[in-house]
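**Student:** Prediction below, plus the sequence it came from.
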Amino acid sequence: SAVAAGPARPPTPKAAVKVPRSIDEVDNGKVLGFSSELSEDHPGFQDSAYKQRRMHICDLARAHRIGEPIPRIEYSADEVAVWGTVLQQLRGLLPQHACKEFLRCWQLFDFRADQVPQLEDLSQVLQAHTGFRIRPVAGLLHPRDFLNGLAFKTFHSTQYMRHVSRPDYTPEPDVVHEVIGHVPMLADPDFANLVQLIGIASLGADEKQIWHLTKLYWYSVEFGVVREGDDIKAFGAGILSSFGELRHMAAGGARLEPLDVFQPQPKMSYKDGYQQRYAVLDSFAAGAEQLKAYCATLHHTIPLDVRIAVGLQ
Ligand code: TIH
Ligand code: FE2
């Protein structure tokens, strides 16, 4: 065997992994970063009014309970202006650089430059098309909870706006990223299936598997690109929601490497700016098959009631 020889030792008992039985058992409170406390290199670090505004929106997310409508945010004129700027810039780039599934679903949403879409309304559209719903969250959620949510077709989403000084790129998820990057893709049934599959694979996964799944999610759902004929198109939300990143991709600013879900994935970071490498899928369907094949190798037992709840036979 390839395992290094060592003194025989009984395996260390693993802490039991708690498998949520419904979305109510998925905690949206373990936020690891980018909540209302910003690090020094964040574009809004010096802006106390901005930090206060985020605190307010984060408090609303923390108070939200499943089954209640997502609170509507009255975005300020400045926040609407940031949204409008990003939308207008992206409108000039997406038709050429976004994948066809994205462009098809984009038409379901009537985004306007003078109004930031409300998560509650988007959640209703998604529920009608793919059964996905949105749940507000105060910042970057713990990976296990985030992935577990996907199993129950629940997408945890931030609701605050990126800082006005950097409409082109933010190091973190924000409402623009969620609404433009993720929401249209989640209206596509095949994509939504794939995303739920990553979530199902995370139920009962050990820490190592959670980490691998987090990276697979990052290199596909966040930063994946796909071949369309001779072209490379974006489907990753982190590319679709940032006109800086999208230009970087369009200019060939990053290496392209095929996604191999069975291989260890490169390091991922929220702090290193534009990606230096994008993982390429030959087709959406092929990528989905690969991910499914990987998920099938994770032999952990999902209790029967949970299997039924997420629609597994
Ligand atoms: N960089 C993206 C944007 O500016 O829209 C947001 C993020 C995507 C993934 C991680 S952070
Ligand atoms: Fe994201």
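**Tutor:** Okay, I see it. Keep in mind it's a predicted model, so treat the numbers as computed, not measured. Ligands and ions are numbered 1, 2, ... in the order given.
**Student:** So Gly131 versus Val310, what's the distance?
**Tutor:** Gly131 is 11 Å from Val310, where distance means C-beta to C-beta, to the nearest Å. In short, each C-beta sits where N, CA and C put it, glycine included.
**Student:** which one of these two has more residues nearby?
**Tutor:** Val310 (18 against 15; other C-beta atoms under 10 Å).
**Student:** Just list the residues touching that one, thanks.
**Tutor:** Residues near Val310 by C-beta atoms under 8 Å, 6 or more residues apart in numbering: 151-152, 196, 199-200, 203.
**Student:** Gly149 now?
**Tutor:** By C-beta under 8 Å, 6+ apart, the neighbours of Gly149 are 23, 26, 28, 135, 141, 155-156, 199.
**Student:** so which one among those residues has the lowest pLDDT?
**Tutor:** Among the contacts of Gly149, Asn28 carries the weakest pLDDT, at 87.
**Student:** Where does the closest residue to Ser39 other than its chain neighbours sit: helix, strand or coil?
**Tutor:** With sequence-adjacent residues excluded and distances taken as C-beta to C-beta, 6 or more residues apart in numbering, Ser39 is closest to Phe45, at 6.9 Å. The local conformation at Phe45, judged by DSSP: H, G, I helix; E, B strand; the rest coil, is coil.
**Student:** Burial check on Phe45, number of neighbours?
**Tutor:** 14.
**Student:** just the strands in the stretch 201-313 of the chain please.
**Tutor:** 224-228, 231-234, 255-258, 277-281 (DSSP state E, counting those that start in this stretch).
**Student:** Which of those strands sits closest to ligand 2?
**Tutor:** Taking C-beta to the ion, strand 224-228 is the member of these nearest to ligand 2, at 11.6 Å.
**Student:** Identify each buried residue in the longest helix along the chain, please.
**Tutor:** The longest helix of the chain (DSSP state H) is helix 77-97. With burial defined by 16 or more other C-beta atoms under 10 Å, the residues of helix 77-97 counted as buried are 79-87, 89-90, 93-94, 97.
**Student:** quick one on the thing from earlier: distance-wise, check the residue nearest to Ser39 relative to ligand 1.
**Tutor:** Look at Phe45 and ligand 1: by C-beta to the nearest ligand atom, to the nearest Å, they are 16 Å apart.
**Student:** so that residue sits right up against Ser165, yeah?
**Tutor:** No. Applying C-beta atoms under 8 Å, one finds Phe45 not in contact with Ser165, separated by 10.5 Å.
**Student:** Could you work out the end-to-end span of stretch 30-40 for me?
**Tutor:** Length of stretch 30-40, first residue to last, C-alpha to C-alpha, to the nearest Å: 22 Å.
**Student:** tell me which element the nearest residue to Ala288 once chain neighbours are set aside is part of?
**Tutor:** Computed as C-beta to C-beta, 6+ apart, the closest residue to Ala288 that is not its neighbour in sequence is Leu194, at 4.6 Å. Applying DSSP states H and E as the criterion places Leu194 in helix 189-202.
**Student:** so where do the helices sit in the stretch 151-300 of the chain?
**Tutor:** Secondary structure of the stretch 151-300 of the chain (DSSP state H, counting those that start in this stretch): helices at 175-176, 183-186, 189-202, 207-217, 237-240, 243-250, 284-296.
**Student:** mind checking which of these is nearest Asp260?
**Tutor:** Asp260 sits nearest to helix 284-296 of all these, at 7.8 Å, using C-beta to C-beta.
**Student:** So which other helices or strands are in contact with the closest one?
**Tutor:** helix 189-202, strand 224-228 (3 or more C-beta pairs under 8 Å, 6 or more residues apart in numbering; DSSP states H and E).
**Student:** closest to ligand 1 out of the ones you listed?
**Tutor:** strand 224-228 (11.7 Å; C-beta to the nearest ligand atom).
**Student:** looking only at pLDDT, what's the mean for the closest one?
**Tutor:** 96.
**Student:** Tell me which other helices or strands that strand touches.
**Tutor:** Against strand 224-228 (3+ C-beta pairs under 8 Å, 6+ apart) you get strand 231-234, strand 277-281, helix 284-296.
**Student:** Mind doing that once more with 6 Å?
**Tutor:** strand 231-234, strand 277-281 (3 or more C-beta pairs under 6 Å, 6 or more residues apart in numbering; DSSP states H and E).
**Student:** Report the residue spans of the stretch 51-200 of the chain with pLDDT below the cut-off.
**Tutor:** Of all residues in the stretch 51-200 of the chain, none has pLDDT under 70.
**Student:** Understood, closing this out.
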